[in-house]
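Enquirer: give me the fold of what follows.
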Amino acid sequence: MTPTILAQQAREMAERVGLEFREIGEEEIRSLKMGAFLAVAQGSAEPPRLLVLRYSPQDAPESPVIGLVGKGITFDSGGISLKPSANMHEMKTDMAGGASMLGVMQAIAQIKPKVRVIALIPATENMPGGKAYRPGDVITSMSGKTIEVLNTDAEGRLALADSLTYARQLGCNVLIDAATLTGAVVVALGNITTGVFGRDQEWVNRVVESGAAMGERMWQMPVDDEYRDLYKSSIGDLANTGGRPGGSITAAMFVGEFAEDTPWVHLDIAGTAWSNDEKPWLAKGPTGVPVRTLVNLLARLSG
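Expert: Sure, this is the predicted structure:
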């Protein structure tokens with residue numbers, strides 16, 4: 001599935017269930033100065049798309065406005081920092097966070113909770129090529145923060161960074177993102193439990209409790225300032241990777257830098273978005289994590 005096809009599918013779904021839908025193309029992405037997202041996209045012949053879906057019921061309170069951001073990397077080769085060929089075919093699933101947010105939006109359009117929601121899905125491929133971004137590049141994000149690229153396979157956090165900034169500009173005052181972000185979270189929690197990160201404990205608790213109610217296992221991971229030193233850069237504001245130690249934590253905290261002071265929860269679904277095992281309650285393949293958790297959360301907010 002390419003970004004163009006994903007956008008087409010999202011548009012058809014939005015029209016079918018009555019959601020506002022906007023597809024932002026490469027030229028406008030550039031005009032928005034989304035330098036981090038565009039850096040990831042520039043190596044691919046497939047043009048990027050930023051998908052924005054709105055659910056705004058008239059009887060919903062003005063606040064909160066929940067921003068759901070889903071990583072939509074439709075294929076992740078790793079870019080110049082090329083992944084090993086073994087199992088690379090599974091990287092068509094790197095859009096699972098974005099697909100999950102589309103699933104959430106489809107569901108709430110049908111059950112109609114009284115809460116305002118905006119979903120953003122940055123969709124692109126991460127490919128090597130003559131125009132691809134390189135290790136050593138310094139890029140400027142939409143927020144103005146500069147990022148030293150140490151590994152082009154740490155691309156999802158770059159796409160999320162600009163999307164969180166834009167979500168805040170659109171008026172979202174709570175941010176929840178989902179992404180197949182790191183192999184490190186699989187090392188920590190296996191393929192059973194989703195890693196949960198966030199600086200606002202109230203919202204972290206809400207997400208974890210909602211997951212427990214829906215049977216989607218989640219575990220809160222630490223977000224402590226001491227880890228910030230691991231992704232410092234000597235020539236930019238941030239480096240796009242903090243190395244192997246605490247890899248899921250530093251990746252999450254990098255994303256959180258772009259939430260600024262907005263309540264933010266990050267779900268690393270790298271281990272739970274796909275199942276290679278057939279289970280009595282779950283077919284082999286995509287799991288839909290964390291659709292049930294977030295739909296339940298939004299329904300609870302509605303009372």
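Enquirer: what ranges does this structure have for its helices?
Expert: In the chain, the segments counted as helices under DSSP state H are 3-17, 26-31, 35-41, 96-111, 156-169, 184-189, 201-214, 247-256, 291-302.
Enquirer: other SSEs contacting the fifth one?
Expert: For helix 156-169, the contact count by 3 or more CB pairs under 8 Å, 6 or more residues apart in numbering; DSSP states H and E identifies helix 35-41, strand 65-70, strand 72-76, strand 116-126, strand 174-179, helix 247-256 as packing neighbours. C-betas here are computed from N, CA, C, even on glycine.
Enquirer: tell me the helices and strands packed up against the last one.
Expert: Other helices and strands packing on helix 247-256, by 3+ CB pairs under 8 Å, 6+ apart, are helix 156-169, helix 184-189, strand 194-198, strand 264-268.
Enquirer: centre of the chain versus that helix, how much separation?
Expert: Helix 247-256 sits 12 Å away from the centroid of its parent chain (CA atoms, centre = their mean, to the nearest Å).
Enquirer: tell me the mean pLDDT for that helix?
Expert: For helix 247-256, the mean pLDDT works out to 98.
Enquirer: just the shortest one next, same as before
Expert: Model confidence over strand 72-76 averages 98 on the pLDDT scale.
Enquirer: from the chain's centre, how far out does it sit?
Expert: 11 Å.
Enquirer: CA atoms of that strand as CSV?
Expert: Backbone C-alpha positions of strand 72-76 (Å, rounded to 0.1, in the frame of the first residue of the first chain) are rendered in CSV as follows:
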residue,chain,number,x,y,z
GLY,A,72,2.0,5.8,8.5
ILE,A,73,5.3,4.5,7.0
THR,A,74,3.8,2.4,4.2
PHE,A,75,7.1,0.6,3.7
ASP,A,76,10.3,1.0,5.7
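Enquirer: which residues sit against that strand?
Expert: The contact list for strand 72-76, computed with CB atoms under 8 Å, 6 or more residues apart in numbering, reads 1-3, 6, 40, 46, 51, 83, 91-92, 94-95, 97-99, 121-127, 153, 155-156, 159, 180.
Enquirer: the same query, at a cut-off of 6 Å, please.
Expert: 1-3, 91-92, 94-95, 98, 121-123, 125-126, 156 (CB atoms under 6 Å, 6 or more residues apart in numbering).
Enquirer: before we move on, what about stretch 104-120?
Expert: Counting by CB under 6 Å, 6+ apart, the neighbours of stretch 104-120 from elsewhere in the structure are 13, 17-19, 52-57, 59-60, 65-69, 101, 163, 167, 170, 172, 291, 294-295, 298-299, 301-302.
Enquirer: to Gln220, which of the helices of the chain lies closest?
Expert: Closest approach to Gln220 among the helices of the chain (CB to CB): helix 201-214, 5.9 Å.
Enquirer: check which residues of that closest one are buried.
Expert: For helix 201-214, a neighbour-count test (16 or more other CB atoms under 10 Å) marks Trp203, Val204, Arg206, Val207, Val208, Ser210, Gly211, Met214 as buried.
Enquirer: and if you look at stretch 99-114?
Expert: By 16+ other CB under 10 Å, the buried positions in stretch 99-114 come out as Ala99, Ser100, Met101, Leu102, Gly103, Val104, Met105, Gln106, Ala107, Ile108, Ala109, Pro113.
Enquirer: ok, back up a step: now the helices and strands packed on helix 247-256 in CSV, with mean pLDDT?
Expert: Shown next, in CSV, are the helices and strands packed on helix 247-256 (pLDDT from 0 to 100):
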stretch, mean pLDDT
helix 156-169, 98
helix 184-189, 98
strand 194-198, 98
strand 264-268, 99
